[in-house]
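the amino acid sequence is not available; the structure is as follows:
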């Protein structure tokens, strides 16, 4: 039928299927094509921890959600408008979030008695009253895929693997997306197996053609979503891990230091190890260590040697690095520590997101061991924050913890590529031998920053010994003197506290500078808070949004700013950590709004809390 | 090696001695090792600025503070990892790693294993006194079964680890043993370790005068040394004993080394094995020598087999081959981009 094109402002599509159905690929290709259409977007890959969970089971369901639109998109969307369910288990686990009246596409070919039983259905839900609230489109995708790739002579199993491309073709048609980028990608991916490339392209085209020609109900509409970005420049889509890795490389360039990454594989931080390992062109040195402790220690060794040591991990790995962080604090060596947070405690929810390592970052070490903590709010933001972490590390001779999370690490968004030439360098002045021939003191400080001298081994006249034992403020030699320990503890604390003078003042993201309610967030809750505050303000509610990038030390005006609001609400994907830190620092009655389900906040959840706070 | 690796003027023991007061217990074996190192470095023709001592935690790990070179006293067991990172940042540095039986084989066993496996170009000196000294006398992984200590009042029950066998098992390519009091033997071992390109591992039998005094006496005392030490030299017959007539023979029936006496039971010098540093199987057997009564303990370079390249050469070689081919900007602009006018 000749479909009528409807103009939408934005849409949320969720692809769900078995782990083996290729839903992540489908989603990421849909993302690429969508980005090239000029839409803003946010994605949420939601997959199980098991590499290949048993087929057809609910715990083996892998999903990919994308929110895209002609307006600025800040979240992955509360409720999908379209759900594609490739098997009964995917339907079972994903249906509850589908917007009432939303479009539900199911592959009826996979709704076999065996699959229904594995998903825990007594009877086939397709056609049952349970689905009456949705616009159900039942398609035998399996059968149509097999037909579309018949001529390539693939085995049944291989042929069925093209199902995801058939589905993608249909979705590309539905949202008026281009197929060419996907076809190019398929040809590159299967360069060594052209028959697989051809089969996948055929399935993609078949799905697209099906949308063009099929006799579907009137509800099966074609949509058009306009382009959104108006700020001129070159854009691309970027995931948090990618942007963060580029930021680290840029930081090394700006400091004119070699980057040495020590890392140990852990979900969801490994993509950073992979990305930096692919940057040998830039001189980035990576070391896959024997464990988390060796990873951070090698990075510290590299910094001692005059490079910039970096280590990346997730909460459990950061816990293992704790003692070494104390060493870097005590020896005052630069180090960037990246934590891609995941659900905890212990192994917790490795593939699910959480922001529950804030206490660990700020407080989690033996002794009085302060260090700067910064956090990213979105994939593109990772670039800038990574550079800032490098700058603080070398300028203040300190380890810096950079908090990101599993959601930001894997999610993609369109990003305007920065002008690298416009970034301000922060070159290091390494120490040289004292002019008067006196003994070199590695703990002589810059009295403005309180950062110590950094001398590279290999420099004549700067021979020195450092270690984790307390050092004399005056000479840098071992000292057990009680007053000296007090002085050194104070100095280390003042050095970190002084960074507050070297970071931007806290601004208000949206809303007035004073008022009834401030919603204060950090990290990846940025999107849902921004949207919720926008909605509330559109309804006439006086509410402001404050987003904190610098978590230790806080910007020096933050306390005064917060005191200008009658109420402070802190939504966090933890049990209330920033809330406690704010209460402690400013004696403000900050209220928590917590979610630890492994999923990002929905806009609605925050909006409800804003309404409740302002209704009283 | 960079241009910093050779001193412009000859250095002396004084140049390598720091101004810090040495704080080991009087009579500790560590003093002799320290002096030997300070005396040997000038002979190696190295510079102070290019030399780094890295250590973990324990009595021996205080060593770097007493050397007037670069030094890093790190955390318990992790020195091999720190040293690995240091070599990646600057492969031209001459890095010595000082560790002990607790630091290197207990808490840091994993790191020591991987530094040896990777063949990181560092010189590892493991001071083995079979006890925890700094924490006041608990038994260590090299303590003999039955060692009575504050944590094992009835005697320790776990079998001890042989550091040389451990190192060989990890794939170490240079393995040697010496004694803290062997002031003539030790410099030669340090020199050989220094000359080896790759990870060199030296076990030093060291006496803890306070918590495990005389634990090595049966091997190291002047009186017992000739009968209990087999001084290895590449290409030389494995003879020992106060009369020099005892030797090591390979017993094919038992597939093991055995002690024989030249001139007895028809044994001649032709029966005695010749030491071959490049023979890994022989090294493995020599490592275990001394476990049975009557057997001497092997001293000297037990195994030495240099690899084609060291770890840092290989890692940095990959970087060198790629560096400069693309800029960060090239990378960021690669792939699908679009322009907004």
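Looks like it arrived, so ask away. Because the structure is a prediction, the values reported are computed rather than measured. Residues are numbered from 1 along each chain as shown, chains lettered A, B, ... in the order given.

which stretches in the stretch 201-350 of chain A count as strands?
Under the criterion DSSP state E, counting those that start in this stretch, the stretch 201-350 of chain A carries strands at the ranges A:222-225, A:233-239, A:259-263, A:285-288, A:308-313, A:335-341.

out of those, which one sits most buried?
strand A:308-313 (a mean of 32; mean count of other Cβ atoms under 10 Å in any protein chain shown). Yep, even glycine has a C-beta here, placed from its N, CA and C like the rest.

scan the chain for its longest helix.
I went with chain A, as the question did not name one. Longest helix in chain A by number of residues (criterion: DSSP state H): helix A:194-213.

the chain in question should be chain B.
Longest helix of chain B, by residue count under DSSP H: helix B:29-44.

mind checking how far it is from the chain centre?
A distance of 15 Å separates the C-alpha centroid of helix B:29-44 from that of its chain, computed with Cα atoms, centre = their mean, to the nearest Å.

sorry, back to before: out of the strands of the stretch 201-350 of chain A, which comes closest to chain B?
Shortest distance between chain B and these, using Cβ to the nearest Cβ, is found for strand A:233-239: 4.5 Å.

residue of the stretch 401-550 of chain A closest to chain B, please.
The minimum distance from the stretch 401-550 of chain A to chain B, using Cβ to the nearest Cβ, falls at residue A:467 (2.8 Å).

these two touch, right, that residue and residue B:74?
Yes - with contact defined as Cβ atoms under 8 Å, residue A:467 counts as touching residue B:74 (6.9 Å).

center of the chain, which residue is that?
Going with chain A. Taking Cα atoms, centre = their mean as the criterion, residue A:408 is the residue nearest the geometric centre of chain A, at 1.1 Å.

to clarify, I was referring to chain B.
In chain B, the residue lying closest to the centroid (Cα atoms, centre = their mean) is residue B:202, at 2.2 Å.

run the angle between the helix or strand it falls within and helix B:29-44 for me.
Element membership for residue B:202, per DSSP states H and E: strand B:200-205. When axes from the mean of the first three to the mean of the last three Cα atoms, to 10 degrees is applied, the directions of strand B:200-205 and helix B:29-44 differ by 140 degrees.

identify the residue nearest residue B:68 in space, chain neighbours excluded?
Taking Cβ to Cβ, 6 or more residues apart in numbering or on different chains, and ignoring the residues beside it in sequence, residue B:68 has residue B:18 as its nearest neighbour in space, at 4.3 Å.

ok, the one you found - contacts?
Applying Cβ atoms under 8 Å, 6 or more residues apart in numbering or on different chains to residue B:18 gives the contacts A:465, B:65, B:66, B:67, B:68.

chain B contacts on the stretch 301-450 of chain A?
The stretch 301-450 of chain A comes close to chain B at residues A:301-307, A:309, A:323-324, A:326-327, A:331, A:416-417, A:420, A:439, as judged by Cβ under 8 Å from any Cβ of the partner chain.

make it 7 Å
When proximity is defined as Cβ under 7 Å from any Cβ of the partner chain, the stretch 301-450 of chain A approaches chain B at A:301, A:302, A:304, A:305, A:306, A:307, A:309, A:323, A:324, A:327, A:417, A:420.

buried subset of these?
The neighbour-count test (16 or more other Cβ atoms under 10 Å in any protein chain shown) marks A:301, A:302, A:304, A:305, A:306, A:307, A:309, A:323, A:324, A:327, A:417 as buried among these.

hang on, the earlier thing: neighbouring strands for the strand holding residue B:202, and are they parallel or not?
strand B:123-128 (parallel), strand B:174-179 (parallel) (DSSP bridges).

give the rounded mean pLDDT of the first one.
So that's strand B:123-128. Across strand B:123-128, the average pLDDT comes to 98.

beyond it, next helix or strand please.
Once the chain leaves strand B:123-128, the following helix or strand, as judged by DSSP H and E, is helix B:163-169.

so what's residue A:411 closest to, chain neighbours aside?
Leaving aside its chain neighbours, residue A:411 sits nearest to residue A:43 (5.1 Å; criterion: Cβ to Cβ, 6+ apart).

with residue B:118 instead?
In space, and not counting its chain neighbours, residue B:118 is closest to residue B:311: 4.3 Å by Cβ to Cβ, 6+ apart.

got phi/psi on that neighbour?
phi -60, psi -50 (degrees, to the nearest 10).

that one touches residue B:119, doesn't it?
Yes - at 5.2 Å, residue B:311 counts as touching residue B:119 under the criterion of Cβ atoms under 7 Å.

OK, contacts around the residue nearest to residue B:118?
Contacts for residue B:311 were tallied using Cβ atoms under 7 Å, 6 or more residues apart in numbering or on different chains; they are B:118, B:119, B:120, B:121.

just give me the neighbour total for the first one.
This points to residue B:118. Neighbour count of residue B:118, defined by other Cβ atoms under 10 Å in any protein chain shown: 22.

what about the strands in chain B?
B:51-55, B:70-73, B:94-100, B:123-128, B:174-179, B:200-205, B:229-231, B:239-240, B:246-251, B:256-261, B:297-304, B:337-340 (DSSP state E).

tally of neighbours for residue B:221?
For residue B:221, the neighbour count with other Cβ under 10 Å is 12.

which of the residues of the stretch 301-450 of chain A next to chain B sits closest to residue A:212?
Distance to residue A:212, by Cβ to Cβ, is smallest for residue A:417 among those, at 35.1 Å.

and that closest one, what does it touch?
A:233, A:234, A:235, A:236, B:332, B:333.

next one: the third one from residue B:332, what distance?
With distances defined as Cβ to Cβ, to the nearest Å, the gap from residue A:235 to residue B:332 amounts to 11 Å.

quick check: residue A:606 vs residue A:75, distance?
Spatial separation of residue A:606 from residue A:75 under the definition Cβ to Cβ is 10 Å.

stretch A:602-615 - what's its average pLDDT?
Averaged across stretch A:602-615, pLDDT comes to 94.

list the contacts of it.
Residues outside stretch A:602-615 that contact it (Cβ under 7 Å, 6+ apart): A:75, A:78, A:516-517, A:519, A:528-529, A:531-532, A:535-536, A:541, A:543, A:567, A:569, A:571, A:593, A:595.

with stretch A:381-389 instead?
Contacts of stretch A:381-389 from elsewhere in the structure, counted by Cβ under 7 Å, 6+ apart, are A:240, A:243-244, A:246-248, A:250-251, A:254, A:336, A:374, A:376, A:400, A:402, A:404, A:408, A:418, A:423, A:549.

repeat that for stretch A:455-465.
Applying Cβ under 7 Å, 6+ apart, the contact partners of stretch A:455-465 are A:305-306, A:430-434, A:440, A:442, A:476, B:4, B:48-50, B:52, B:64-65, B:68-71, B:73, B:90, B:92-93.
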